[in-house]
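> Turn this into a model:
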Amino acid sequence: MTRKFSSQHANQLFYPIILLTITCLALSTAKVYAGDVNFQRCKEKSNYKLRAVIQDKNIDQSIPTGQVLTTVEMEGGSWNFTCDHQSNNQGFPRTMYIGTGKYTWSTPWANDSTICLIPGLTGIGIRYYTSSGNAKVCNSTVPYGGGEIIKFDDGTILSGTANYAPFAELIRIGHINAGSHVFPSTMPLTSKLRTAINSYSVSNSIFSLVFTNATLIAHQCKMAQFNKIINFGDNIARGDEIISKPFDVWLTDCSGNALAEYKNSAKLSFASAKISPDGTKLNNCDDSDCADGAYISFTDIEGNNINLHGGYRLNAQTTNNIPNQLSFSSNLHTENTTGGKIDTSLTLVLEYL
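Got it, this is the predicted structure:
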């Protein structure tokens, strides 16, 4: 989504405003310890909840149907499995698989058999990947339809690591209402163990998938599209007087609690090669015909100086009586200026906190 903002003296410039989503994530190592009961290798002994982290809880409503909203990754980047000793005197390999597919969330979206419906959620589906790098067909058995999360080969002690990415993707499959969407906390996984030469035992009650960062938020607010030109005037004399021109940023398509939640969760950041090291100035151009020494500073509706390196929280304007309006002033300083043009640019970036 692109917005334009500009400031001009002799020339007109256009400043794009870009909507981004940024998220930070702390990961930790995940380990699974397992034992054997009746040949069910890696059956429950201590921790069989594989933790998966949803990478971005903020849903971008501009993403079209069928496209990726965010990814889901193994906590810590991998899952490490250790299985207890088991004698193997039956004369055949007891290979074991763990995976998604049949007996888990296995109902496919009508438009794509690799995108599975999520119980209790509308508009959002999930596509799982396997250790082979292929997308898993929703209602296929383990290890077929794309493969498995991990395969244990025959042996008296089984161990292994699943460490591929992405583990899964959340996909938009329809309309997503504004507000919070709580992801189911757990999902069963299928384990499949060879128990005879020509047969397997299948269970979906041993391992489960636990989702963290599982409350998704769909913000309906958008930034109103506009081309803004700020003209400081012609024939400006050098002096101590600061020339100030106001401009507004408008949020649309939301109101009330949704607007308040959005403003509490986002900030404006700024980017330009002309920002001074301390963030207090937007310096002018440096071509031969530019006004040397001129710069622009920015203040909000309350007169507070804006540090262009620090960002500006959307909920900082407490005296603005119009909830969806953010009001600012651009202030041209010419006290130490030579003659020439004012020509500079600034990018405003809308980020989630």
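
> Confirm Val72 sits in a strand?
Yes - for Val72, which was evaluated using DSSP: H, G, I helix; E, B strand; the rest coil, the result is membership in a strand.

> give me the number of residues near it?
23 (other Cβ atoms under 10 Å). From N, CA and C alone the C-beta is placed, and that goes for glycine too.

> For Ile150, see how far away it is.
When distances are taken as Cβ to Cβ, to the nearest Å, Val72 and Ile150 turn out to be 16 Å apart.

> The residue positioned nearest the centre of the chain is in what secondary structure piece?
Among the residues of the chain, the one closest to the centroid is Asp56, at 3.1 Å (Cα atoms, centre = their mean). When secondary structure is defined by DSSP states H and E, Asp56 falls outside every helix and strand.

> Spatially, what comes nearest to it if we skip its sequence neighbours?
Thr70 (4.0 Å; Cβ to Cβ, 6 or more residues apart in numbering).

> Around the one you found, how many other residues sit close by?
Around Thr70 there are 23 residues (other Cβ under 10 Å).

> Please name the bridge partners of it.
The residues paired with Thr70 through beta bridges, assigned by DSSP bridges, are Leu170.

> you'd agree it is up against Ile171?
No - the pair Thr70 / Ile171 is not scored as a contact, 9.7 Å apart, by Cβ atoms under 8 Å.

> Helices of the chain, start to end?
If you assign secondary structure with DSSP state H, the helices in the chain sit at 256-264.

> Can you find the helix or strand of it with the lowest average pLDDT?
Taking all helices and strands of the chain together, the one with the lowest average confidence (mean pLDDT, DSSP states H and E) is strand 15-19, at a mean of 30.

> about what we covered before: state the distance from the residue nearest to Asp56 to Ser78.
For Thr70, the distance to Ser78 equals 20 Å [Cβ to Cβ].

> same check, this time on Leu193
With Cβ to Cβ as the criterion, Leu193 and Ser78 are 22 Å apart.

> And these two? Which one has more around it.
Leu193 (22 against 16).

> Do I have it right that the more buried one meets Tyr200?
Yes - the pair Leu193 and Tyr200 passes the contact test of Cβ under 8 Å, sitting 6.3 Å apart.

> any idea how far Asp234 lies from Lys341?
Separation of Asp234 from Lys341 (Cβ to Cβ): 11 Å.

> More neighbours: which of the two?
When Asp234 and Lys341 are compared on other Cβ under 10 Å, the one with more neighbours turns out to be Lys341, at 16 against 7.

> For the more buried one, list each beta-bridge partner.
Assigned bridge partners for Lys341, using DSSP bridges, are Cys290.

> for the one 10 residues further on, same thing?
Beta bridges link Glu351 to Lys267, judged by DSSP bridges.

> Can you check the pLDDT for it?
Glu351 is assigned 76 on the pLDDT scale.

> How many residues are close by it?
Neighbour count of Glu351, defined by other Cβ under 10 Å: 16.

> quick one: it and Gly311 touch, right?
Yes - with contact defined as Cβ under 8 Å, Glu351 counts as touching Gly311 (7.3 Å).

> Find the residues that touch each one of those two.
Common neighbours of Glu351 and Gly311, using Cβ atoms under 8 Å, 6 or more residues apart in numbering, are Lys267, Leu268, Ser269.

> what number of residues lie near the last one?
This means Ser269. With neighbours defined by other Cβ under 10 Å, the count for Ser269 comes to 17.

> swap in the one 5 residues further on?
Summarising burial for Lys274: neighbours were counted as other Cβ under 10 Å, giving 17.

> Not counting sequence-adjacent ones, nearest residue to it?
Using Cβ to Cβ, 6+ apart and skipping the chain neighbours, the partner closest in space to Lys274 is Asn283 (4.4 Å).

> low pLDDT regions in this structure?
Within the chain, the stretches falling below the threshold (pLDDT under 70) are 1-47, 82-94, 154-159, 225-227.

> Distance of Glu351 relative to Phe167?
With distances defined as Cβ to Cβ, the gap from Glu351 to Phe167 amounts to 26 Å.

> same question but for Tyr48, I mixed them up
Between Tyr48 and Phe167 the distance is 17 Å, computed by Cβ to Cβ.
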